[in-house]
Structure formats: structure tokens, C-alpha cells
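Colleague: just need the structure, nothing else, for what follows:
(one chain, ligands or ions: 2)
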Amino acid sequence: MDIKKQFINGTWVTSNTDAVRDIMNPYNQEIIAKVTESDESDAKTAIAAARKAFDQGEWPATPATERGKIVHKIADFIERDREELAELESLDTGKTVEESRGDMDDIAGVFRYYAEMADKDGGEIIDSPVPNSISKVIREPVGVCGQITPWNYPLLQASWKLAPALAAGNTLVMKPSEITPLTSIKVFELIEEAGVPAGAANLVLGPGNTVGAELSINKDVDLISFTGGIETGKKIMQAASSNVKKLALELGGKNPNVVFADADFETAVDQAMNAVFFHAGQICSAGTRLIVEKSIHDKFVDALVDRVKNIRLGSGFDESTQMGPLISKEHLNKVVNYVENGKKEGAKVAVGGERPDDPELQNGFFYLPTVLTDCTTDMSVVQNEGFGPVITVETFTTEEEAVRLANDSIYGLSGGVFTNDIAKAERCVAKMRMGTVWINEFNLYFPHAPWGGFKQSGIGRELGKPGLEEYQETKHIFQNLNPEPLNWF
Ligand SMILES: NC(=O)c1ccc[n+]([C@@H]2O[C@H](COP(=O)([O-])OP(=O)(O)OC[C@H]3O[C@@H](n4cnc5c(N)ncnc54)[C@H](O)[C@@H]3O)[C@@H](O)[C@H]2O)c1
Ligand SMILES: C[N+](C)(C)CC=O
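Modeller: Numbers count the residues shown, from 1 in each chain. Ligands and ions are numbered 1, 2, ... in the order given. Reported below is the predicted structural model:
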């Protein structure tokens, strides 16, 4: 098996360490690839290349229209190689190929969105209080960007960082999750093919506590953009203080899904299932906290349980599969312990709550889709991000109580409200402290809409115009058209 390499200064190279990591298919634990394992020294080499490419290189000086054309080409190549990329993503993560195809379409869309935006902001003239002067505001690239991504949406989360950073004229070093690097490696081949100059986009492959930590602390990195868990985010925030880096953090979520009795019942049940069981619940914005009006609780839980029993687990490559495995043995153990703790605290298992006994699934890291009832806001299963196919059910009787329960979290990434009373929905949404709130919908995202968290779900925004502005510095230029001595001193 060939050893996949890192991409530094326009060249595919093995690590200084000679170490190699096996990449595993979580469906059957087969080794699907071998990848060179970088260390701090590789990260330093990549940062030096990105620094030189920014300070002396052609990419920041390339006209924005040209940069946009190159970013468009990356989108073209992603569309061309859609099936290969989708299959790689499914091999690496266990998600269904159908889901991965959808991801690839989203990813191409993100590159196109920022390609279009690259040359749309020529700056602005602002009013000046000084006669005979011109005051203008322009936006420039930030510099060298460190980008660290998680395993759950490997290429999608990478695209939210790569596309705006390149469109804005930055140089970058990306570090994907060490367990799911395959589509990121492939997309750097496409970045090379599209004509991004050497050194402008670099890829290092390896663990977070060495390679990621170097990107976070290194003083030649001007911005660090991170998507991942809250504890890692805190470490990165501390490390980034080394040179007061610009910081963008997309962290976890514990997202409430509020269902009122007047909601369309079938839609609310169906969406509640999608909200939490899609990608086996390994989604930052998964609707893991179902907060349902007491009068419909029993009927709602019964309907949910009936449908959850029929979710088909299996290989992501089997067209009939609806839910794949969890990403790793460690993560499976975490989900098992998370549910066991919930049971000890008084949560009742309405369905699931264990590993499947199907012999076909024993080599994969599967966990049954699980509904936990009798939950209260003080339980660890309600407060902590489990990142598995587990939904907790709480009840409310008043609108105020629904909002209070929805907001009772350190997180504030996303949430949903299901009701046919639009005024009630708007009242709730106005009080819900989350970066995205859906009304009669859950888990929808698209390039135009900013994404990010309130509270401890993060800092900054990806996607939309704010997602480009993260990668830009704002410069005010004042020009005196009639310079004269001030004669103050
Ligand atoms: N808000 C969002 O948009 C969003 C999107 C996807 C995932 N997430 C979150 O990501 C988490 C799951 O992903 P994960 O388990 O890969 O997260 P993680 O924090 O364990 O790892 C994320 C990345 O950080 C790296 N890393 C680990 N320790 C590091 C360190 N000390 N310094 C620098 N980098 C380090 C890892 O190698 C990996 O590349 C969940 O909490 C999920 O909610 C959030
Ligand atoms: C941001 N999103 C929803 C694509 C993936 C979160 O894990």
C-alpha cells in the first residue's frame, strides 16, 4: 500500500519522522490507507513555506478575479471527482455514500460561493471630517492561516476554511483530523491541479497535540481556525495568545429541538429523527435534546420509538443502509458510558441503549439509535455532548418553560422550534441563544448563511459574508490632499 504524503511548498513529501499511521474503515476495521505521520518539525516547515509564500509570494498579490477563477477550478474538479471523493469519505467515516455525495455537492457549492465573492469587494470611500481628504476602507488577507479540522465532516469542514482563506488571498497550513485525512489529501491534489502556487496551501498530517499544537502556538501563524471539541478549543485559545493570533472556533453543541403540541405531528417526528440520527448523531448541530409539550409527550415518544426500531444499520456502501457506525472504538466506548451514566441518573431507555446484536455488525463500531425518556436538565446526558445516536426527551407546559429549557446549556450552536403558530415561533426564536435557529426545520445549512455558536459553542462565523471576513483584515487609508505644516510644536 502506498504511503500517502503531506503537501508542503508545492511538493508531496513524507514526514521527518518516517512514522506511518494506518487509516481504518470504522465499518469493519480494515486498513484502507497508510499515511505519513507529521510532527512539530513538519508543521514548522509548512508554516515557513506559507510565511514565505505570503510575504514574498504571488498568491496575495494575484488579482482577486484570478484567485476567484482558480477557486472556481477547485469546485470544477470536486464535481468531476465527486464519486471518488464521496467513496473515500464514506470509507474513512462510515457514513453512507449517499450522505457523502450530498457533502461533495455542498463542498463544491462552498468553493463556488467564495470564488464568486473573491472580487466583489473593492473597498469603500467613507465620509471624512477633514476638508480636502479622502478616506477609504479596504480589506486585505490576514496572512498565514492555521486550519484544524475534525473527523465527522472531514472535507466539508475543511472547505469552509480553505475556500474563503484562498479567495481572500491568504496562505495556509491545514491539519485534518489524523483519523480521517483521506479526502483532505485528495483535495490538496485538486488545489495543486487548479494552479494555486507552491507554498500558498500546505497540508500536514498528524496528531493534534503535536502538529495541531504547533500551528496554534507558532508565532508565524497569524490566524488559527479550529473546528472540534470544546476542550481542544480551550487549549488552542490559550496557545493562540502567544502572538495574539486571530481566532475562529467552531466547537460543540447540545442542540434543543422544541416541539409544541400544535406542530404538524408527522413532520415534527420525522424531523426529530433526522435531527439526531443522521450520521449516527455525530453532528455538532444534532438535535439531541428533544423538548416536547407535555400533552403530546406519550404519543410523540411512541411514534418516535416505532420509527427508530426500523432504522437500518449497516455498511455505508449498501444502498439500503440508513445509519453507519461510529467513528472509532474510543468514541463507541464514550457513547456507551454516556448512556450508562444517563441510566444511573434516572433516564429510561425507550429504545436502543446498547450495541446491536446483529452478527454482521460486530466488526463495526455500531450503537443502536437510542431514545432516553424521563430526562431532566440536571442530567449529564442532557448537558454533555454525547456525539452519538442518542436523543433525550424533556417536557414543558408553557412557552417560557420551553425557552428556559432550550437555553439551559453552556452551548449555543443551534436549535429548532416546531409549531404552526408563527408568532409563537418568533417569540421563542427571539429568546433562544444560538447561532442558528430553525423554524419547522432542523440541521439545514448552506453557503450563504453564517454558521457559528453563541456561548461556548465558539467564536466567529464560517460561511456567508462573515466567513470571508474572518480571513480579512480591515485597513483604513486616509489621504490628505492638501498637506500643510500643523505648527502645533
Ligand atoms: N461547530 C461546528 O461547526 C462543528 C463542526 C464539526 C464538528 N464540531 C465538533 O467537533 C467535535 C468532534 O470532533 P473531534 O473529536 O475531531 O474533535 P477534537 O477536538 O478531538 O479534534 C479536532 C481536531 O483538533 C486536533 N487537536 C486535538 N488536540 C489538539 C491540540 N492540543 N492542539 C491543536 N489541535 C488539536 C485534532 O487532531 C483534530 O484535527 C465535536 O465536539 C463537534 O461538535 C463542531
Ligand atoms: C456544521 N455541520 C452541520 C456541517 C457539521 C457539524 O458537525
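
Colleague: quick one: name the residues of the stretch 301-450 of the chain near ligand 1.
Modeller: 385, 387, 413 (Cβ under 6 Å from any ligand atom). All C-beta spots, glycine's among them, are computed from the backbone N, C-alpha and C.

Colleague: got those as TSV, with secondary structure, distance to residue 159 and pLDDT columns?
Modeller: Below are those laid out as TSV (DSSP: H, G, I helix; E, B strand; the rest coil; distance: Cβ to Cβ, whole Å; pLDDT from 0 to 100):
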residue	secondary structure	distance to residue 159	pLDDT
385	coil	23	98
387	coil	21	98
413	coil	19	98
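
Colleague: closest to residue 29 among those residues?
Modeller: Closest approach between those and residue 29, by Cβ to Cβ: residue 387, at 19.9 Å.

Colleague: can you count the residues close to the nearest residue to that closest one once chain neighbours are set aside?
Modeller: Of all residues not flanking residue 387 in the chain, residue 282 sits nearest, at 5.4 Å (Cβ to Cβ, 6 or more residues apart in numbering). Applying other Cβ atoms under 10 Å, we find 24 residues neighbouring residue 282.

Colleague: can you tell me how far residue 282 sits from ligand 1?
Modeller: Using Cβ to the nearest ligand atom, to the nearest Å, residue 282 is found at 7 Å from ligand 1.

Colleague: who touches that residue in this structure?
Modeller: Residue 282 makes contacts with 152, 326, 327, 331, 387, 388, as judged by Cβ atoms under 8 Å, 6 or more residues apart in numbering.

Colleague: among these, which are in helices?
Modeller: Here DSSP state H is the test, and the contacts of residue 282 give residue 331 as lying in helices.

Colleague: buried ones in stretch 87-99?
Modeller: 87, 88, 89, 90, 91, 92, 93, 94, 95, 96, 97, 99 (16 or more other Cβ atoms under 10 Å).

Colleague: tabulate those residues (TSV), appending secondary structure.
Modeller: Shown next, in TSV, are those (DSSP: H, G, I helix; E, B strand; the rest coil):
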residue	secondary structure
87	helix
88	helix
89	helix
90	helix
91	helix
92	helix
93	helix
94	coil
95	coil
96	coil
97	helix
99	helix
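
Colleague: what would these look like in CSV with pLDDT and distance to ligand 2?
Modeller: CSV is the format used below for these (pLDDT from 0 to 100; distance: Cβ to the nearest ligand atom, whole Å):
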residue, pLDDT, distance to ligand 2
87, 98, 19
88, 98, 18
89, 98, 13
90, 98, 16
91, 98, 19
92, 98, 15
93, 98, 11
94, 98, 15
95, 98, 11
96, 98, 15
97, 98, 17
99, 98, 11
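
Colleague: pick the one among those residues closest to residue 17.
Modeller: Nearest member of these to residue 17, counting by Cβ to Cβ, is residue 92, at 22.0 Å.

Colleague: touching, the closest one and residue 184? I think so.
Modeller: No. When contacts are counted by Cβ atoms under 8 Å, residue 92 is not listed as touching residue 184 (9.8 Å).

Colleague: what do these two both touch?
Modeller: Taking Cβ under 8 Å, 6+ apart as the contact rule, residue 92 and residue 184 both touch residue 154.

Colleague: now do the helices in the stretch 51-200 of the chain.
Modeller: Along the stretch 51-200 of the chain, counting by DSSP state H, counting those that start in this stretch, helices occupy 64-80, 82-93, 97-117, 154-167, 182-194.

Colleague: which of the residues of the stretch 301-450 of the chain next to ligand 1 has the most neighbours?
Modeller: Among these, residue 413 has the most neighbours (other Cβ under 10 Å), with 26 neighbours.

Colleague: before we move on, back to that, which of the helices of the stretch 51-200 of the chain sits most buried?
Modeller: Mean neighbours per residue, mean count of other Cβ atoms under 10 Å, is largest over these for helix 154-167, with a mean of 28.

Colleague: that one and ligand 1 in contact?
Modeller: Yes. Contact check for helix 154-167 against ligand 1, using Cβ under 6 Å from any ligand atom: residues in range are residue 157.

Colleague: chain center to that helix, what's the gap?
Modeller: Here the centre of helix 154-167 is set off from its chain's centre by 10 Å, with Cα atoms, centre = their mean, to the nearest Å.

Colleague: now stretch 315-332
Modeller: 19 Å.

Colleague: stretch 298-308 now?
Modeller: Centroid separation between stretch 298-308 and its chain, computed with Cα atoms, centre = their mean, is 30 Å.

Colleague: what residues does this structure put near ligand 2?
Modeller: 152, 153, 156, 283, 284, 285, 445.

Colleague: repeat the analysis, applying 5 Å as the threshold.
Modeller: 152, 153, 283, 284, 285 (Cβ under 5 Å from any ligand atom).

Colleague: need these in CSV with pLDDT, neighbour count and distance to residue 351, can you?
Modeller: Formatted as CSV, those follow (pLDDT from 0 to 100; neighbours: other Cβ atoms under 10 Å; distance: Cβ to Cβ, whole Å):
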residue, pLDDT, neighbour count, distance to residue 351
152, 98, 23, 24
153, 98, 26, 27
283, 98, 20, 20
284, 98, 26, 24
285, 98, 24, 23
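
Colleague: out of the residues you listed, which is nearest to ligand 2?
Modeller: Distance to ligand 2, by Cβ to the nearest ligand atom, is smallest for residue 284 among these, at 3.4 Å.

Colleague: how close does the closest one sit to residue 32?
Modeller: 25 Å (Cβ to Cβ, to the nearest Å).

Colleague: my guess is residue 217 meets residue 237, correct?
Modeller: No. With contacts counted by Cβ under 8 Å, residue 217 stays clear of residue 237, the gap being 11.4 Å.

Colleague: domain boundaries for the chain, per the record?
Modeller: The chain breaks down into these domains under the TED database: 3-251+457-476, 256-439.

Colleague: what's the first-to-last distance across the first one?
Modeller: Across domain 3-251+457-476, the straight-line distance between its terminal residues is 48 Å, by Cα to Cα, to the nearest Å.
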